[in-house]
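Chemist: Generate a structure from the sequence data that follows.
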Amino acid sequence: MITYYNPGGRYTPRLLVHNEKRIETMALLGKVPGVSQDDGIVSMPAEPRLYEILVEKLGITPDDFSKEWYEEQIESERTLAETISKQVQINHPKEKMLRPYQRVGVQYIKSVSRCILGDEMGLGKTVETILATDISPRHKNILIVCPNSVKWQWAKEIATWSKYSLPVVVSEPKKAKKQLQEYREGWFILNYHNLRTYDLPRIQWDWIIYDEAHMMSNRKTKTVAKAKNLAAANVVMLTGTPIGNNTADLWSLLNILYPKKFTSYWRFFEMYVDYVEDYFGSRKIIGTRNEEYLRRELAPVMLRRTKQDVSIDIPDKTVINIEVEMTIKQAKYYKDMALNAIAQAETGEEVQAFAEIAIITRLRQILSTPHTIGFDDSSGKLDAAMDIITGTDQQIVVFSLYKGTIAALEQRLKKENISCGIITGDVEAEDREEAKDSLDSGDSKVLLCTLGAGGTGLNLQAASVAIFIEHHWNPREQHQAEGRLHRIGQKNPVTIYNLICKESIDAAVEDVIARKQMISDAILKEALVQELSRYKKNITEKLMALYKI
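Modeler: Here you go, the predicted structure:
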């Protein structure tokens, strides 16, 4: 039997299990913080997902009082299901320019007010958010936190889509502190570095918009700490890749949105992350657990649609993996570095984790081009990239993890008189915008980007070919970068080339990426909105119909 117990005062409500399934309950939930057993009674936090696991997985019968508590808890989820299953007109002059699924998005953001808009890259999250703020009752003070590369793009989109003529302030490196002090109302756009380093006005923001919100997935960062201290009536987080390394990436976003509900990181971790523990207590993440309950957790606070869900008319994307052979010089550098690492291990020299990572990074840099570590630019990958570039008339974006690779490729392009622009972390926002504009106008055939600087936020649909010199360990970065080209506004089929060196560390990287992608797919591959359909038998068709053009 499950009973609901509310001691009142400073004590939080609990769910109590007192029947013969106490052993099964502890076996399934015993590691979840807050779950304990005393005098034959299992006690745990009163949370809807824990209740559902007890009832659905273990078949424990709830009493009438706990049933009533549960129904009250999920009323907001039921209400949301009803709300977003209705087609409504949006009172906005730009409403007719939206696709049907975008109207649903605008309605959802306005209705929920604190949410994650997790649509796949390129579906128009920025536009939906601007219109949602416009039609909300409060829109005087709006803060946008975004990557440095897209600050000016946000300003352009606001000018295009907002029906109000509120001031738009874009923070600039040497002026940001003064701009913040002088701010009174309107849109204020700043990057994540500014969020970490400056004191923002102590006001109640009407809206805070976090673009590429997955940049706050690490709960221990100063960025997350600053975000938690901001007061806002409405908060929306935009990210096409909410899960990167594991499902626990979601917790800090949920904690910022609903700090009173998502209070414990480790409770979330134990509920939804599958791992194995070694002799020393270290955890190796191997997948997800309780996926269906995590989808229920996310469904009321996260709207996610893919290009396939909304049947949007975007040309196809083709992914081609090209196996590349190292040059003779490159193979020698690689072999010497690998043998040196093996020798260190065999001689008993202590190799700490950070040293292992450094060795792997060195090996990957050599595979990119030995130029990254001070040697000659002799690279099978850059040879292959040049073959692709010179063999097509289409515009191309090249992504690499390393600035040294970008510099080496730039020199190769100059020798062939091929025009190119560059976006790296060292390039100022205005210069990045100029490089992007050069690609848009056709003045540049190639745009060279580091994954960190050019892989998020930018609209690069002027190009239809992307070359990845190497992959990031986190598949989220790859998807983000591909989404720069494959998005609304793309007129040509997109081709993605991944360059992979044979019999090298690249193979290990691909295995890690595949495992992490499996974790993300377990949660996000199925439409979250279908979780809401359990509240009404006829709601699924309504919901999915709204996403079709």
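Chemist: For Glu297, see how far away Leu54 is.
Modeler: 16 Å (C-beta to C-beta, to the nearest Å). (C-beta placed from N, C-alpha, C; glycine too.)
Chemist: Was I right to think Ala510 contacts Ile500?
Modeler: For the record, residue 510 is Glu, not Ala. Yes: between Glu510 and Ile500 a contact is recorded at 6.9 Å, counting by C-beta atoms under 8 Å.
Chemist: who has more neighbours, the two?
Modeler: Ile500 (18 against 14; other C-beta atoms under 10 Å).
Chemist: for the more buried one, what are its contacts?
Modeler: 321-324, 506-507, 510 (C-beta atoms under 8 Å, 6 or more residues apart in numbering).
Chemist: Can I get the buried part of these as one PyMOL selection?
Modeler: Buried residues among these (16 or more other C-beta atoms under 10 Å), as a PyMOL selection:
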select buried, resi 324+506
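Chemist: The stretch 351-500 of the chain: helices as residue ranges?
Modeler: Taking DSSP state H, counting those that start in this stretch as the criterion, the stretch 351-500 of the chain contains helices spanning 353-368, 380-390, 403-415, 429-441, 451-454, 475-482.
Chemist: what's in contact with the second one?
Modeler: The reference is to helix 380-390. Taking C-beta under 8 Å, 6+ apart as the rule, helix 380-390 contacts 322, 324-327, 330, 367-369, 396, 398, 405, 408-409, 412-413, 416, 418, 445-446, 465, 467, 469-470, 497, 499, 501.
Chemist: tell me the domain ranges of the chain?
Modeler: 2-73, 95-306, 317-502 (automatic domain parsing).
Chemist: List buried members of the contacts of helix 380-390 by neighbour count.
Modeler: Members of those classed as buried by 16+ other C-beta under 10 Å are 324, 326-327, 330, 367-369, 396, 398, 405, 408-409, 412-413, 418, 445-446, 465, 467, 469-470, 497, 499, 501.
Chemist: how about Lys332, secondary structure?
Modeler: Under the three-state scheme (DSSP: H, G, I helix; E, B strand; the rest coil), Lys332 adopts helix.
Chemist: can you tell me how far it sits from Tyr258?
Modeler: For Lys332 relative to Tyr258 (C-beta to C-beta), the value is 55 Å.
Chemist: Low-confidence ranges, the stretch 301-450 of the chain, go.
Modeler: 311, 341-356 (pLDDT under 70).
Chemist: switch the cut-off to 80
Modeler: 307-313, 338-360, 427-430 (pLDDT under 80).
Chemist: so where do the strands sit in the stretch 201-350 of the chain?
Modeler: 204-211, 231-238, 273-277, 283-288, 302-303, 317-324 (DSSP state E, counting those that start in this stretch).
Chemist: wait, which of these is closest to Tyr192?
Modeler: strand 204-211 (8.8 Å; C-beta to C-beta).
Chemist: which other residues reach that closest one?
Modeler: With C-beta under 8 Å, 6+ apart, strand 204-211 has contacts from 126, 129, 133, 136, 138-147, 150, 154, 216, 227, 230-238, 457.
Chemist: Just the angle for it relative to strand 231-238, thanks.
Modeler: 20 degrees (axes from the mean of the first three to the mean of the last three C-alpha atoms, to 10 degrees).
Chemist: buried ones in strand 204-211?
Modeler: Going by 16+ other C-beta under 10 Å, strand 204-211 has these buried residues: 205-211.
Chemist: ok, now how distant is the closest residue in space to Ile116 that isn't next to it in sequence from Leu15?
Modeler: Nearest residue to Ile116, sequence neighbours excluded (C-beta to C-beta, 6 or more residues apart in numbering): Met302, at 4.1 Å. Separation of Met302 from Leu15 (C-beta to C-beta): 25 Å.
Chemist: related to what we said a few turns ago, least reliable of the domains of the chain going by mean pLDDT?
Modeler: Confidence, taken as mean pLDDT, is least for domain 317-502 of the domains of the chain (a mean of 84).
Chemist: contacting residues for Trp154?
Modeler: Trp154 neighbours (C-beta under 8 Å, 6+ apart): 126, 144, 146, 170, 189, 211.
Chemist: Buried residues of the helix or strand containing it, list them for me.
Modeler: Element membership of Trp154 [criterion: DSSP states H and E] is helix 151-161. By neighbour count, with 16+ other C-beta under 10 Å as the criterion, the buried positions of helix 151-161 are 151-155, 157-158, 161.
Chemist: ditto for stretch 55-68
Modeler: Quick answer for stretch 55-68 (16+ other C-beta under 10 Å): 55, 58, 60, 62, 66.
Chemist: The second one and Lys21 touch, don't they?
Modeler: This means Leu58. Yes: at 5.5 Å, Leu58 and Lys21 qualify as touching, with contact defined as C-beta under 8 Å.
Chemist: hang on, the earlier thing: of the contacts of Trp154, closest to Pro45?
Modeler: Asp211 (32.9 Å).
Chemist: before we move on, the earlier item: so which of the contacts of Trp154 is the most crowded?
Modeler: Ile144 (27 neighbours).
Chemist: Count the residues that sit near Lys175.
Modeler: 12.
Chemist: go on, Val509?
Modeler: So Val509, with other C-beta under 10 Å, has 18 neighbours.
Chemist: Doesn't it belong to a helix?
Modeler: Yes: counting by three-state DSSP, Val509 is found in a helix.
Chemist: what's it in contact with, if anything?
Modeler: 364, 470-471, 473.
Chemist: And for Met44?
Modeler: 14-15, 17, 29, 32, 34-36, 50.
Chemist: nearest spatial neighbour of it, skipping sequence neighbours?
Modeler: That would be Val35: by C-beta to C-beta, 6+ apart, it lies 4.4 Å from Met44.
Chemist: For the stretch 151-300 of the chain, just list every one of the helices.
Modeler: 151-161, 176-182, 192-197, 222-228, 250-257, 265-272, 291-298.
Chemist: Dump those to JSON lines, plus distance to Arg99.
Modeler: Converted to JSON lines, the helices of the stretch 151-300 of the chain look like this (distance: least, C-beta to C-beta, whole Å):
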{"stretch": "helix 151-161", "distance to Arg99": "14"}
{"stretch": "helix 176-182", "distance to Arg99": "35"}
{"stretch": "helix 192-197", "distance to Arg99": "30"}
{"stretch": "helix 222-228", "distance to Arg99": "31"}
{"stretch": "helix 250-257", "distance to Arg99": "26"}
{"stretch": "helix 265-272", "distance to Arg99": "33"}
{"stretch": "helix 291-298", "distance to Arg99": "23"}
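Chemist: Can you say which of those is nearest to Gly9?
Modeler: helix 265-272 (21.8 Å).
Chemist: Give the buried residues for that closest one.
Modeler: For helix 265-272, by 16+ other C-beta under 10 Å, it's 267-272.
Chemist: Report the two of those separated the most.
Modeler: Across the buried residues of helix 265-272, the two lying at the largest distance from each other (C-beta to C-beta) are Arg267 and Tyr272, at 9.6 Å.
Chemist: Common neighbours of these two, please.
Modeler: Listed as contacting both Arg267 and Tyr272 by C-beta under 8 Å, 6+ apart is no residue at all.
Chemist: give me every residue that touches the nearest residue in space to Trp251 that is not next to it in sequence.
Modeler: Distance criterion C-beta to C-beta, 6+ apart; nearest residue to Trp251, sequence neighbours excluded, is Phe268 at 4.7 Å. Listed by C-beta under 8 Å, 6+ apart, the contact set of Phe268 reads 248, 250-251, 254, 262.
Chemist: can you check Lys284 too?
Modeler: 275-278.
Chemist: Beta-bridge partners for it, please?
Modeler: Going by DSSP bridges, Lys284 is paired in beta bridges with Val276.
Chemist: what's the distance between it and Lys502?
Modeler: 28 Å.
Chemist: now do Gln478
Modeler: Taken as C-beta to C-beta, the span from Gln478 to Lys502 is 20 Å.
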